[in-house]
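> Turn this into a model:
(one chain, ligands or ions: 1)
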Amino acid sequence: ADTTLHAAVDLGASSGRVVLGRIGPDTLEFREAARFPNGVINLPDGLHWNLVGLYEHALNGLAAAVRQAKPEGGLASVAVDSWAVDYGLLASPSHLASKAHGAAAPKQGDDAGSMTLLGTPFHYRDSRTGSGVEAVHATADFAELYRRNGLQFLPFNTLYQLAAEPLLAQAQKLLLVPDLLGYWLTGQMLTEATNASTTGLLDVRTTSSGAPEWDTDLMETLGLSRALFTEVAAPGATLGWTREELTPLLGQRLPVTLVGSHDTASAIVGTPLSTPDAAYISCGTWGLVGLELDEPVVTDASREANFTNEGGVDGRIRFLTNVMGTWLLSETLRTWERQSGKPQDLPALLEAAAEVPNYAVAVFDVQDERFVAPGDMPARIAELCAEQEIPAPETKPEIVRSIVESIAAGFAAALTDAARLAGRSIDVVHMVGGGSLNTLLCQATADRSGYPVVAGPVEATAIGNLLIQARTAGTLNGSLEDLRELIIRTNNPETYRPR
Ligand code: LFR
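Predicted coordinates:
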């Protein structure tokens with residue numbers, strides 16, 4: 001057959017899914033084999049993720065995908081992607097014992113097959129990162145860091161988290177979230193390149209080379225041991241086979257391959273960029289707004305505008321900035337749910353929001369830091385509006401409309417910046433991810449930016465994950481443009497024209 005079946009494990013901040021896809025030169029079909037909730041876990045020492053729970057859901061989802069694929073020829077591979085920057089720390093039992101007894105550290109390579117997860121990994125929205133920022137900037141200021149790693153300032157970039165990490169002294173290895181799941185699946189440790197680029201510890205000059213490298217000098221400056229990190233491997237590499245111990249559950253051993261394991265990297269692979277001047281907005285919890293470039297832009301202007309040069313698949317550069325996405329809306333709904341004890345109907349609220357007259361719409365700065373932590377967003381919006389002396393939205397539809405318009409205003413400003421900083425023009429904007437279903441947001445983004453907005457696919461991340469798996473399996477070949485051709489041929493997008 002000229003098609004193969006693959007399973008994408010795609011973990012987002014508010015939900016995870018296992019997507020089963022059939023891919024071939026003329027085929028791009030997919031369906032959800034499993035979906036499960038994810039979110040912030042509030043513990044006495046801060047905000048965390050339940051990664052072991054996610055692993056369990058992923059395993060059960062993979063088992064379902066294996067069962068569904070069996071009569072159709074079986075799964076050719078699986079791959080994991082997730083949000084960026086967060087990590088688990090690991091150590092072998094003998095390493096921990098020697099630390100506890102004050103003995104000499106064991107030899108390198110000790111028990112690499114059976115390392116223990118230390119503690120409960122933190123959520124990037126945890127506020128401990130504040131002290132990490134101060135500590136890092138006291139050693140290397142932001143301008144120096146930007147020159148080396150090309151990353152926008154986000155208080156939760158991995159290097160800041162590590163400066164505030166209570167378990168660092170005990171750790172032997174650090175694995176980013178998708179790599180940690182990959183380790184639990186296969187027993188093998190690698191750091192996938194696109195996600196590694198979000199740590200702040202990769203040398204930006206190597207990002208577009210196809211062979212990204214850690215910045216070991218920066219690690220040394222920051223007091224981080226190179227031994228804490230594994231080798232960096234590019235998408236398309238094979239991580240390994242699922243562990244024998246998982247076969248009773250999975251039914252067979254499966255090859256686990258590396259794709260763009262940073263969800264945004266996979267989302268951009270899965271974006272049907274239709275012209276050389278196309279821009280993108282990958283809109284889920286965050287709105288990642290920018291351009292795909294061949295070379296990084298590490299200028300004073302790009303640093304001041306807080307644009308990042310993250311690594312894409314095939315050495316592409318994701319030149320983008322993080323804008324507030326649907327987080328503001330979902331936290332607002334959560335607040336109302338808590339207050340009223342009743343579930344909130346988002347489609348009905350969006351419909352009512354569309355009828356709100358312009359004079360009742362407040363456009364506020366969605367990038368304000370107070371929106372990062374979970375909590376009562378309507379109250380924070382009212383507070384911000386009062387400070388800026390703009391009338392605050394009052395009714396639920398007014399609040400929803402103001403949030404949508406304010407996010408769209410943030411998107412429009414970021415698009416203008418992207419074009420200016422990269423010295424390019426933009427002729428079309430592709431909106432992908434969950435936000436592309438929000439017609440009010442798509443239209444507002446077209447209106448406020450002046451560019452046509454082409455919406456979809458919703459599942460760009462899972463598609464990007466599946467396409468790179470299929471290319472690795474030899475079912476597809478060619479450049480990202482060739483892969484995107486397949487999406488363009490099989491996808492039927494909605495276009496929003498600026499009014
Ligand atoms: C989107 C995303 C962004 C990253 C943020 C935190 O899901 O991966 O690209 O900045 O989450 O990891």
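> Every contact and neighbour count from this point should use C-alpha atoms.
Fine.
> So which residues of the stretch 351-499 of the chain form strands?
For the stretch 351-499 of the chain, applying DSSP state E, counting those that start in this stretch gives strands covering 428-432, 453-455, 494-496.
> Now those in JSON lines, please, with extra columns for distance to residue 70 and mean pLDDT.
What follows is the strands of the stretch 351-499 of the chain, written out as JSON lines (distance: least, CA to CA, whole Å; pLDDT from 0 to 100):
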{"stretch": "strand 428-432", "distance to residue 70": "31", "mean pLDDT": "98"}
{"stretch": "strand 453-455", "distance to residue 70": "34", "mean pLDDT": "98"}
{"stretch": "strand 494-496", "distance to residue 70": "35", "mean pLDDT": "97"}
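> okay if I get those as CSV plus mean neighbour count and distance to the ligand?
Shown next, in CSV, are the strands of the stretch 351-499 of the chain (neighbours: other CA atoms under 10 Å; distance: least, CA to the nearest ligand atom, whole Å):
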stretch, mean neighbour count, distance to the ligand
strand 428-432, 28, 12
strand 453-455, 27, 18
strand 494-496, 18, 23
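> which one of the ones you listed lies closest to residue 351?
strand 494-496 (17.1 Å; CA to CA).
> Can you tell me the strand partners of the closest one and which way each runs?
strand 453-455 (antiparallel) (DSSP bridges).
> Now do the strand it pairs with: distance to the chain's middle.
With CA atoms, centre = their mean, to the nearest Å as the basis, strand 453-455 stands 20 Å off its chain's centre.
> what do you get for stretch 157-170?
Distance of stretch 157-170 from its chain centroid, counting by CA atoms, centre = their mean, is 20 Å.
> Same list (the strands of the stretch 351-499 of the chain) but as a markdown table, adding distance to residue 300.
A markdown table is the format used below for these (distance: least, CA to CA, whole Å):
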| stretch | distance to residue 300 |
| --- | --- |
| strand 428-432 | 26 |
| strand 453-455 | 30 |
| strand 494-496 | 34 |
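> Identify all contacting residues around stretch 145-159.
Stretch 145-159 has contacts (CA atoms under 8 Å, 6 or more residues apart in numbering) with 85-87, 124-125, 129-130, 133, 136, 142, 197-205, 215, 296-298, 303, 306-310, 321.
> Can you name the next helix or strand after the helix or strand bottoming out on mean pLDDT in the chain?
Every helix and strand in the chain was compared by mean pLDDT, DSSP states H and E; the lowest is helix 93-100, with a mean of 88. Moving toward the C-terminus from helix 93-100, the first helix or strand encountered (DSSP states H and E) is strand 116-118.
> Tell me the gap between that following strand and the middle of its chain.
With CA atoms, centre = their mean, you get 23 Å for strand 116-118.
> And that strand, what does it pack against?
Helices and strands touching strand 116-118, by 3 or more CA pairs under 8 Å, 6 or more residues apart in numbering; DSSP states H and E, are strand 87-91.
> hmm, who's touching stretch 161-176?
Contacts of stretch 161-176 (CA under 8 Å, 6+ apart): 84-92, 95-96, 99, 118-119, 128-129, 131-133, 135-136, 189-191, 195-196, 227-230.
> Mark which of those are buried, thanks.
Buried members of the contacts of stretch 161-176, scored by 16 or more other CA atoms under 10 Å, are 84-92, 95-96, 118, 128-129, 132-133, 135-136, 189-191, 195-196, 229.
> mind listing what residue 91 touches?
Contact analysis of residue 91 by CA under 8 Å, 6+ apart lists 115-118, 170-173.
> Run a quick neighbour tally on residue 443.
By other CA atoms under 10 Å, 22 other residues sit near residue 443.
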